[in-house]
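> sequence plus the predicted model coming up.
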Amino acid sequence: MGTDAEPATDPPAPRRRPFSGAKGGFIWPLCGLIALLVFNYFTSPSFFSLEIRDGHLYGSLVDIFNRGSIGIVLAVGMTLVIATGGVDLSVGSVMAISGAIAALMLGDVGAGPVVAGFCGIVAATFAGLVNGFLVAVVRVQPIVATLVLMVSGRGIARFITGERVIALRDDADATAFEAIGTGHVFGLPVPALLAVGLFLATLVIVRRTVLGVFVTAVGANERASRAAGLQGRNVKLAAYAFCGFCAGLAGLIDVANIRAADTINSGVFTELDAIFAVVVGGTVLTGGRFTLLGSFVGALLLQTLLTTMYSYGVAADTAPIYKSLVILMVCLLQSREFRDAFRWGRSP
Amino acid sequence: MTDAGDDSAGPPALLRAEAVTKSFPGVKALAGVDFDVRAGEVHALMGENGAGKSTLIKVLSGVHRPDAGRVELDGRPVRPDSPASAEASGISTVFQELTLVPRLSIAENIVLGRQPGRCGFVSWRASYRRAAAAAARVGLDVDLRTEVGSCSTAVRQMVAIARAVDLDAKLLVLDEPTSSLDEGESQALFDVMRRLKESGLGLVFVTHFLDQVYAVTDRITVLRNGKKVGTYRTAELPRVELIGKMLGKDDREVEDLDEPSLGRVGVKGTPGDAVLRASGLGRDGAMNPFDLEVRSGEVVGLAGLLGSGRTEVLRLCFGLDRPTAGTLAVGGTTLAPPTPRRAIACGAAFCPEDRKGEGLLLDLSVRENIALAIQASRGVRASLSIDAQRELAGRFVSALRIKCPSVEARVGDLSGGNQQKVLLARWLAMEPAVLLLDEPTRGIDIGAKADVAGLVAELADAGMAVLFVSSELDEVVQSCDRVAVLRDRVKLGELTGPDLREDRIVRMIAGRHGD
């Protein structure tokens, strides 16, 4: 119907509810996050204690931002790709490539920290562009296109490093590079500042320019976007390249953190965590409306959960079980059907 | 109700709805409406946009639950809370947007969800038998193994009806079934409706086309603003009275409406340069090569039956489909090859027939939709500020009288006429040299239609070139300076001046040239 549906003087919008859809979707992960924090508040009072040691701020909360930085950075890039109606499975492998190149440049080539980091990020952005090319120009299904690089990327990284773990040396350049992962500015850990900075910068660019509308338009209806004169191809290329850039930055943080480029373990399963963060945050996988804030909250939720579990001595091997339980719970809360079943929403 | 032709006597009703009330936030869609349908009749449900037809149908079919009132079928109260439960109690509905699975065969679609079988194993032989019986009942004579996605709209319609009557339906509701059918297909549908009616079914028929109401229905119920105006025997209700009841005007006013409205002929100035020129433009399998010229200040119409190539011509002229022959020049620039982006850059604008699929982004706001084309042409680095967008959108909302709560409202929540105006606003904001309109008045209410028609004339007078497709001949004749007539994907010729009359167009399409 549509043409003649409902009263003409509408606007009907009878089915709109609070907390559903992209704009309010992050309410539920936020609830989960708050619930976790409240739980920690009552069970381990030290969780909220902050102290300044050697001019650096320490505490579990700071730790969550610090350790969650990689998750946040990846989730920001993944949000835009998912909003275009795609997905990027290769971010973990691209992290490994970026880290490997940076470590090689620092060690074997003897480049400075800035050049090394730059090279890692350029390589990662290029990898993202390749993904974008396959998806937007060749029109390969996003899952398949990025699966190619997910599988081959780690091999490429291992090939680059000659199948070794490249440990950073103890020279001045390496120490300067490590600041990305372990340094402090104004008493705050650099990875946390990088992640929050990237999130805020992306938020501003997406909101202040028309980019966000373009991404949503292409993801929601590519045919209509084309008819409006929009270049969906370029929008997608940009989204995948940006996602690669984010993966590259995450790779640098990872290498600087553990002071080594471990191509086998770097970034393993991070692509799934990033997708989790985005979806839990309220952006739907079919594309269209997205919420960067939701993804940010989603990534924080995952890290808070992990930190909580570790502080309770849950073994790293069994932690995923609890993690998946919490994710399931948030997804259930987001489901209108589930909430209606418990009469939490307005019954139809 | 004392009107002539008012009908309350007669055989007992199959369906009886009493005092049905349904409100949506801010609007009372149905206010105590009574409605009855007898077995073996076709009952037309008429009304303007917002009259409550759609809501009443949705209540009957279980999509909406009424706030108050009762519905009886065969004397037993029914209270469907889903389309499935409505079907189970004997009320089947074929909605305008067909709910078929394109990738499945016709037979599979007909029996989908109720395949005969045992222990979870489907008996395909029984399924096909059952589907064949349902298809025979509606006179559907095609290979049932055909994929629905590859069938014409008319066949899909029949499949949907076959699926609906397979459910031992007692009442069949058809929501604008003919809106995308051509004349012959509509006639075939009417034959099916008559056959179903003779088999004792009650049919509810919703349509915009008055001719069809008089061709096929027995009684008419008119709704207006959520209230029932009355129920009448079709044969006893003159057309003028019906229109009057739908518009809520008395007969005198209706006669005033009948006065021929001013056509474009005679009021226009001299057309200027050719803004759009297609030479030998064509696409294999879609449209044979044609020449077409649209000059500034001129409204050119495309007339022809559905499937004659009207839409294809527009799509080729906007670069949406890649041509396989000929050239296209917009604003003096030859586009090689034509793409929408290039066409837009040269001053073209296109409002497609499928405004939800190819035009608007329903999830975006009015502001974002209106600013989209301008933003796309400016690029990301020259993005308009939110304030500039609000100003732009606000200007067009008031200029085109778009009814929306605010410019931040979701476009998907607006009514059809207002959606069409948002789409027009998007292109007018670009100040195009040539505007391509595909069925801009389809499915929108009379008020909005008049707005759109007036706007087209205004724009042409201000020097814009307009290429206009409508399946309503009177609209084409009234709005256009020149009409290109199409048949079977071939451009037959053009009519202009005193030749521009409905009967000439019809004769041209029918293939009898000259007088």
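Everything's here; your move. Since the model is a prediction, treat every value here as computed from it, not as a measurement.

> for residue 313, grab phi and psi.
If you meant another chain, say so; for now it's chain A. When read as degrees, to the nearest 10, the backbone of A:Gly313 gives phi 70, psi 20.

> how about the helices in the stretch 151-300 of chain B?
Using DSSP state H, counting those that start in this stretch, the helices of the stretch 151-300 of chain B run over B:153-165, B:183-198, B:210-216, B:239-247, B:251-258.

> what's the closest of those to B:Cys346?
helix B:153-165 (33.3 Å; CB to CB). C-beta: built from backbone N, CA, C; applies to glycine.

> how distant is that closest one from the center of its chain?
Taking CA atoms, centre = their mean, to the nearest Å, one finds helix B:153-165 lying 18 Å from the centre of the chain it belongs to.

> next, the buried residues of it.
Going by neighbour count (16 or more other CB atoms under 10 Å in any protein chain shown), the buried part of helix B:153-165 is B:Ala154, B:Val155, B:Arg156, B:Gln157, B:Met158, B:Val159, B:Ala160, B:Ile161, B:Ala162, B:Arg163, B:Ala164, B:Val165.

> which parts of chain A are strands?
Here chain A has its strands, by DSSP state E, at A:51-53, A:56-58, A:166-167, A:184-185, A:188-189, A:260-261.

> then stretch A:187-200 to CSV, C-alphas only?
Only the C-alpha atoms of stretch A:187-200 are listed here, as CSV (Å, rounded to 0.1, in the frame of the first residue of the first chain):
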residue,chain,number,x,y,z
GLY,A,187,49.2,11.1,33.2
LEU,A,188,46.9,9.1,30.9
PRO,A,189,47.9,6.0,28.9
VAL,A,190,48.5,6.8,25.3
PRO,A,191,46.5,3.9,23.8
ALA,A,192,43.4,5.1,25.7
LEU,A,193,44.0,8.6,24.4
LEU,A,194,44.5,7.4,20.9
ALA,A,195,41.3,5.3,20.9
VAL,A,196,39.1,8.0,22.4
GLY,A,197,40.7,10.6,20.1
LEU,A,198,40.0,8.5,17.1
PHE,A,199,36.5,7.9,18.2
LEU,A,200,35.8,11.6,18.8
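
> can you mark which positions in it are buried?
Residues A:Leu188, A:Pro189, A:Val190, A:Pro191, A:Ala192, A:Leu193, A:Leu194, A:Ala195, A:Val196, A:Leu198, A:Phe199 are the ones in stretch A:187-200 that count as buried (16+ other CB under 10 Å).

> avg pLDDT for it?
In this model, stretch A:187-200 carries a mean pLDDT of 94.

> give the other helices and strands that the lengthiest helix in chain A contacts.
The longest helix of chain A (DSSP state H) is helix A:232-258. If you count contacts as 3 or more CB pairs under 8 Å, 6 or more residues apart in numbering or on different chains; DSSP states H and E, helix A:232-258 packs onto helix A:69-83, helix A:91-104, helix A:113-132, helix A:172-182, helix A:190-208, helix A:211-220, helix A:222-227.

> pull out the buried positions in the last one.
Within helix A:222-227, the residues that qualify as buried are A:Glu222, A:Ala224, A:Ser225, A:Arg226, A:Ala227, counting by 16+ other CB under 10 Å.

> of the residues you listed, list those near chain B.
Residues of the buried residues of helix A:222-227 in contact with chain B (CB under 8 Å from any CB of the partner chain): A:Ala224, A:Ser225, A:Arg226, A:Ala227.

> and the pLDDT at the second one?
At A:Ser225, the model reports a pLDDT of 92.

> give the contact list for it.
A:Phe214, A:Ala217, A:Val218, A:Gly232, B:Leu361 (CB atoms under 8 Å, 6 or more residues apart in numbering or on different chains).

> same check on the first one?
Residues touching A:Ala224, when contacts are defined by CB under 8 Å, 6+ apart, comprise A:Ala217, B:Gly357, B:Glu358, B:Gly359, B:Leu360, B:Leu361.

> try 7 Å this time
Applying CB atoms under 7 Å, 6 or more residues apart in numbering or on different chains to A:Ala224 gives the contacts B:Gly357, B:Glu358, B:Gly359, B:Leu360, B:Leu361.

> please report the distance of it from B:Arg442.
In this view, A:Ala224 and B:Arg442 are 17 Å apart by CB to CB, to the nearest Å.

> neighbours around the residue nearest to B:Leu210 when sequence neighbours are not counted, how many?
Closest residue to B:Leu210 apart from its sequence neighbours, by CB to CB, 6 or more residues apart in numbering or on different chains: B:Arg239 at 6.2 Å. For B:Arg239, the number of neighbouring residues by other CB atoms under 10 Å in any protein chain shown comes to 12.

> of all the buried residues of helix B:153-165, which comes closest to B:Val71?
Within the buried residues of helix B:153-165, the smallest distance to B:Val71 is 18.0 Å, found for B:Ala164 (CB to CB).

> close enough to count as contact, the closest one and B:Ile91?
No: under the criterion of CB atoms under 7 Å, B:Ala164 makes no contact with B:Ile91, lying 9.6 Å away.

> need the pLDDT of residue 246.
Because you didn't say which chain, this covers chain A. A:Cys246 carries a pLDDT value of 97.

> you looked at the wrong chain, it should be chain B
For B:Met246, pLDDT reads 73.

> which residues does it contact?
For B:Met246, the residues meeting the contact criterion (CB under 7 Å, 6+ apart) are B:Met46, B:Gly47, B:Glu48, B:Val222, B:Arg224.

> tell me the bridge partners for the nearest residue to the first one once chain neighbours are set aside.
When you say that, I think you mean B:Met46. Leaving aside its sequence neighbours, B:Met46 sits nearest to B:Val222 (CB to CB, 6+ apart; 5.0 Å). Beta-bridge partners for B:Val222, by DSSP bridges, are B:Met46, B:Gly230.

> wait, isn't B:Val222 in contact with B:Val229?
Yes: at 4.1 Å, B:Val222 counts as touching B:Val229 under the criterion of CB under 7 Å.

> out of the two, which sits in the more crowded spot?
Relative neighbour count places B:Val222 above the other of B:Val222 and B:Val229, with 26 against 21, counting by other CB under 10 Å.

> for that one, give its distance to chain A.
Going from B:Val222 to chain A by CB to the nearest CB, to the nearest Å gives 15 Å.

> ok, that residue to B:Ala274 distance?
On the measure of CB to CB, B:Val222 and B:Ala274 end up 47 Å apart.

> ok, the residue nearest to B:Met46 - contacts?
B:Met46, B:Gly47, B:Val229, B:Gly230, B:Lys245, B:Met246.

> okay, now A:Ser90: neighbour count?
By other CB under 10 Å, 30 other residues sit near A:Ser90.

> not counting sequence-adjacent ones, nearest residue to it?
In space, and not counting its chain neighbours, A:Ser90 is closest to A:Leu149: 3.7 Å by CB to CB, 6+ apart.

> now for the one you found, how many residues are close by?
Other residues lying near A:Leu149 total 23 when counted by other CB under 10 Å.

> and for A:Ala167?
Using other CB under 10 Å, A:Ala167 has 14 neighbouring residues.

> looking at the buried residues of helix A:222-227, spot the one nearest A:Leu272.
Nearest to A:Leu272 out of these is A:Glu222 (CB to CB; 26.2 Å).

> contact partners for the residue lying closest to A:Ala96 once chain neighbours are set aside?
Nearest residue to A:Ala96 in three dimensions, chain neighbours excluded: A:Ala157, at 4.0 Å (CB to CB, 6+ apart). Shown in contact with A:Ala157 (CB under 7 Å, 6+ apart): A:Ser93, A:Ala96, A:Ile97, A:Ala100, A:Thr263.

> just A:Ile70 next, same as before
Each residue near A:Ile70 by CB under 7 Å, 6+ apart is listed here: A:Ala250, A:Ile253, A:Asp254, A:Thr270.

> please report how far it lies from chain B.
Distance from A:Ile70 to chain B, counting by CB to the nearest CB: 28 Å.

> can you check A:Leu33 too?
Counting by CB to the nearest CB, the gap from A:Leu33 to chain B is 27 Å.

> quick check: buried residues in stretch B:465-483?
By 16+ other CB under 10 Å, the buried positions in stretch B:465-483 come out as B:465-471, B:473, B:475-483.
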